[in-house]
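# just coords:
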């Protein structure tokens, strides 16, 4: 089953959302992670826990979660303790997926540079294995929410062994498509595309 490798830890309790300070709405669309888990379970026969957990970057229980998601429209700010904890967590195998909800790009990039001053976010395209890890997205990153006419982009950060520690999607808002149908009014086919790409992210991470 899909969960066998990624969710091997006995203390694993499901996907977690990152609660951060700074003023950004880290909490918006609370149904997105449960909906993604349900979709992955239906598609793959996995048993990922449905309930969303919420964790702060400085908490020791961050290490209970291999997959943490963050989003928002506004400012992101981490304390020095949170910076150190996030760095250790990612270097020890944690994966952070950040989806800009149109407004957190500048502060997110600033804070990631504080976590890993020696590393860069590298743009990846459809030639990267993530795009075809389960469903075929060889035509590129889908644009789910039309904030403006800028093309969608995906950026990643890797450790010294080439493992992806972080994925950041920009100008696409993939996770809008994981929300309930009436939250953003996205048509079923667009939500299906978004959920499929979400499965690709999880499946790719599981294999590494």
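Thanks, I have it. The structure displayed is predicted, hence computed values, not measured ones.
# and the residue lying closest to residue 78 once chain neighbours are set aside, what element?
Closest residue to residue 78 apart from its sequence neighbours, by C-beta to C-beta, 6 or more residues apart in numbering: residue 111 at 5.2 Å. Where you see a C-beta, it was placed from the backbone N, CA and C, and this is true even at glycine. Using DSSP states H and E, residue 111 sits in helix 105-115.
# contacts for the following helix or strand past that helix, please.
Where DSSP H and E defines the elements, the next helix or strand beyond helix 105-115 is strand 122-124. For strand 122-124, the surrounding residues in contact (C-beta atoms under 8 Å, 6 or more residues apart in numbering) are 130, 153-158.
# find the pair from the residues you listed with maximum spatial separation.
Comparing all pairs in these by C-beta to C-beta, the longest separation belongs to 153 and 158, at 16.7 Å.
# where's the closest residue to residue 32 other than its chain neighbours relative to residue 86, distance?
Nearest non-adjacent residue to residue 32, counting by C-beta to C-beta, 6+ apart: residue 178, 3.9 Å away. For residue 178, the distance to residue 86 (C-beta to C-beta, to the nearest Å) stands at 23 Å.
# any idea how many residues pack against the nearest residue to residue 49 once chain neighbours are set aside?
Excluding its sequence neighbours, the residue lying closest to residue 49 (C-beta to C-beta, 6+ apart) is residue 14, at 3.3 Å. Using other C-beta atoms under 10 Å, residue 14 has 17 neighbouring residues.
# thanks again, I'm all set now.
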